[in-house]
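Undergrad: I would like to see how this sequence folds:
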Amino acid sequence: MAKLPLSVTLADIIHRTTVYGIIGFCLVGTGSIAFNIYMNSDFAKMNRDKLKFDKAEYDQARAEEKE
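TA: Sure, this is the predicted structure:
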């Protein structure tokens with residue numbers, strides 16, 4: 001089998017490195033977005049006990065403020 005010229009081999013290495021870099025960048029970006037969505041959701045352990053909005057308490061507090 002014939003050996004490929006050096007310019008073709010170098011172009012192939014540069015192309016593969018670029019493609020792998022773009023794929024890696026996209027995977028890291030997708031992972032960080034997914035992580036942030038998870039950490040800001042109600043499924044994260046640290047958010048399970050966060051304050052919930054109760055409309056009755058809100059209305060009562062506003063009524064007391066007006067008085």
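
Undergrad: how close does the nearest residue to Lys50 once chain neighbours are set aside get to Glu57?
TA: Excluding its sequence neighbours, the residue lying closest to Lys50 (CB to CB, 6 or more residues apart in numbering) is Asp42, at 8.0 Å. The way it works is simple: take the backbone N, C-alpha and C, and place the C-beta from them, glycine included. Distance of Asp42 to Glu57, given as CB to CB, to the nearest Å: 20 Å.

Undergrad: Please apply the same query to Met46.
TA: For Met46, the distance to Glu57 - CB to CB - is 23 Å.

Undergrad: In terms of neighbours, single out the busier of the two.
TA: Glu57 (10 against 7; other CB atoms under 10 Å).

Undergrad: which residues in this structure form helices?
TA: In the chain, the helices defined using DSSP state H lie at 6-39, 55-66.

Undergrad: want to throw these into a markdown table with mean pLDDT?
TA: Converted to a markdown table, the helices of the chain look like this (pLDDT from 0 to 100):
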| stretch | mean pLDDT |
| --- | --- |
| helix 6-39 | 96 |
| helix 55-66 | 82 |
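
Undergrad: Nearest the middle, which residue of this protein would you pick?
TA: Residue closest to the mean C-alpha point of the chain, counted by CA atoms, centre = their mean, is Ile33 at 0.6 Å.

Undergrad: Let me see the contact set for it.
TA: By CB atoms under 8 Å, 6 or more residues apart in numbering, the contact list for Ile33 is empty.

Undergrad: From Leu27, how far out is it?
TA: For Ile33, the distance to Leu27 - CB to CB - is 11 Å.
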